[in-house]
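>>> Sequence unavailable; structure follows:
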């Protein structure tokens, strides 16, 4: 567990400053670029707006509930509801202060282990969550793409740059989405093979693959991943179909609620012409955010939100307002609350044990 300890100890509460600064710098630019007294006077904040904003916040609650329920199912009751809530909270905080491609998964095993679950079972649970997350996307993305216009899905009207994207930019978005989808598909196939078919063969495959000269530096980590997969397979290979259906249903609840936040946020201020297209664009947006090196995708998340979803917003002045509200609902609460709670948790789980 020493590697996980080192990763967690490098996460400091002061790291919340960087994503906030980056995010608000972009938002300030959007306000500066789109500011208009007349446009702002057209914005109406009615009682219906309060209702839809409350529904958007409820979607975040539903998102977290789905994660908690899934953890409870995967632990088969070994974790209490309170423990599951605590783990998910810590998981979300580390996701908020690390690059989106890393997320909180790298230390999730540690969180579960410190709540009293054996290391092997905790590793299996984290691998299972990753598999279910990618499986949801693998199923939903083609279903959504078949339901909406392909050209509408990838068109971009850049509010940040003040231009309409040309065909080359649109084609890059298409390639970006396809590459991201293929990578996710490869990941799901590999995990499925290692988890349910041949875990020992999966470990040998990783060993051979990472014996290649330019991959040798990661061979030790790859072998450890293969060992983790064998543990996970022993844990979950013989679980019933009902077990996996419940785990996947909780995953679907969580991810679907995550995307519906924007739909209800928009409804607070105007009529959304095409909810399905808005939902589909968020699936594509999530692929883009995964490769960003900034903590929680800060900066890029605000830009892609204003550019990729901006054409749904009829009043230009609303774009920076909705960008801020979106991040306030979906991102900043984990930063601020985590800065308070994480030091307390570390002190309780680490320092007390060391003494």
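On my side now, so go ahead. No experiment lies behind these values; they were computed from the predicted model shown.
>>> contacts, neighbours, all on C-alpha from now
Noted.
>>> residues in contact with residue 53?
For residue 53, the contacting residues are 264-265, 268, taking C-alpha atoms under 8 Å, 6 or more residues apart in numbering as the criterion.
>>> next SSE after the helix or strand bottoming out on mean pLDDT in the chain?
In the chain, no helix or strand scores lower on mean pLDDT, DSSP states H and E than strand 163-164, which sits at a mean of 46. Per DSSP states H and E, strand 163-164 leads on to helix 167-192 as the next helix or strand towards the C-terminus.
>>> so which helix or strand takes in residue 72?
Here residue 72 sits within helix 47-74, counting by DSSP H and E.
>>> got the angle between the helix or strand just after that helix and helix 47-74?
Of the helices and strands lying after helix 47-74 in sequence (DSSP H and E), the nearest is helix 81-97. Interaxial angle, helix 81-97 versus helix 47-74 (axes from the mean of the first three to the mean of the last three C-alpha atoms, to 10 degrees): 110 degrees.
>>> What mean pLDDT does helix 81-97 get?
Throughout helix 81-97, pLDDT has a mean value of 87.
>>> what distance separates it from the centre of its chain?
Mean-position distance between helix 81-97 and its chain equals 13 Å (C-alpha atoms, centre = their mean, to the nearest Å).
>>> and that helix, what does it pack onto?
helix 47-74, helix 105-114, helix 332-346 (3 or more C-alpha pairs under 8 Å, 6 or more residues apart in numbering; DSSP states H and E).
>>> who wins for proximity to residue 133 among the ones you listed?
Closest to residue 133 of the helices and strands packed on helix 81-97 is helix 47-74 (C-alpha to C-alpha; 10.3 Å).
>>> what angle sits between that closest one and helix 105-114?
When the same axes, to 10 degrees is applied, the directions of helix 47-74 and helix 105-114 differ by 60 degrees.
>>> And the helices in the stretch 201-350 of the chain?
In chain order, the stretch 201-350 of the chain shows helices spanning 219-236, 241-267, 275-290, 300-308, 318-330, 332-346, with DSSP state H, counting those that start in this stretch as the criterion.
>>> I'd like to know which elements the last one is packed against.
With contacts defined as 3+ C-alpha pairs under 8 Å, 6+ apart, the secondary structure elements packing on helix 332-346 are helix 81-97.
>>> Pull the contacting residues for the residue nearest to residue 148 when sequence neighbours are not counted.
Closest residue in space to residue 148, ignoring its immediate chain neighbours: residue 277 at 6.2 Å, by C-alpha to C-alpha, 6 or more residues apart in numbering. Residues near residue 277 by C-alpha under 8 Å, 6+ apart: 148, 152-153.
>>> Please indicate which of those has the highest neighbour count?
Using other C-alpha atoms under 10 Å as the neighbour definition, the contacts of residue 277 reach their maximum at residue 153, which records 20 neighbours.
>>> Just confirm it contacts residue 280, I think it does.
Yes: Residue 153 is in contact with residue 280 according to C-alpha atoms under 8 Å; the separation is 7.1 Å.
>>> Now the common contact residues for those two.
Common neighbours of residue 153 and residue 280 (C-alpha under 8 Å, 6+ apart) are residue 145.
>>> Residue 258: what's its closest spatial neighbour, skipping adjacent residues?
By the measure of C-alpha to C-alpha, 6+ apart, the closest residue to residue 258 outside its immediate chain neighbours is residue 63, 5.7 Å from it.
>>> and the direction of the helix holding residue 72 versus that of helix 219-236, what angle?
Using the same axes, to 10 degrees: helix 47-74 against helix 219-236 is 90 degrees.
>>> Which of the residues in helix 47-74 are classified as buried?
With burial defined by 16 or more other C-alpha atoms under 10 Å, the residues of helix 47-74 counted as buried are 49, 52-53, 55-60, 62-74.
>>> From the contacts of residue 53, list the buried ones, please.
Using 16+ other C-alpha under 10 Å as the burial test, the contacts of residue 53 include 264-265, 268 as buried.
>>> still on that earlier bit, put together TSV for the contacts of residue 53, with pLDDT and distance to residue 121 on each row.
As requested, the contacts of residue 53 are exported to TSV (pLDDT from 0 to 100; distance: C-alpha to C-alpha, whole Å):
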residue	pLDDT	distance to residue 121
264	95	38
265	92	39
268	90	43
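>>> re earlier: would you list the contacts of residue 277 in CSV and tack on secondary structure, distance to residue 329 and pLDDT?
As requested, those are exported to CSV (DSSP: H, G, I helix; E, B strand; the rest coil; distance: C-alpha to C-alpha, whole Å; pLDDT from 0 to 100):
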residue, secondary structure, distance to residue 329, pLDDT
148, coil, 27, 82
152, helix, 27, 75
153, helix, 25, 76
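>>> Nearest to residue 179 among the residues you listed?
Minimum separation from residue 179 among the contacts of residue 277 (C-alpha to C-alpha) is found for residue 153, which lies at 16.1 Å.
>>> quick one: contacts for the closest residue to the closest one other than its chain neighbours?
Nearest residue to residue 153 in three dimensions, chain neighbours excluded: residue 281, at 6.1 Å (C-alpha to C-alpha, 6+ apart). Taking C-alpha under 8 Å, 6+ apart as the definition of contact, the neighbours of residue 281 are 153-154, 308-309.
>>> For burial, what's the neighbour tally of the nearest residue to residue 112 once chain neighbours are set aside?
On the basis of C-alpha to C-alpha, 6+ apart, the spatially nearest residue to residue 112 that is not a chain neighbour turns out to be residue 122, at 5.7 Å. Burial of residue 122 is recorded as 25 neighbouring residues (other C-alpha under 10 Å).
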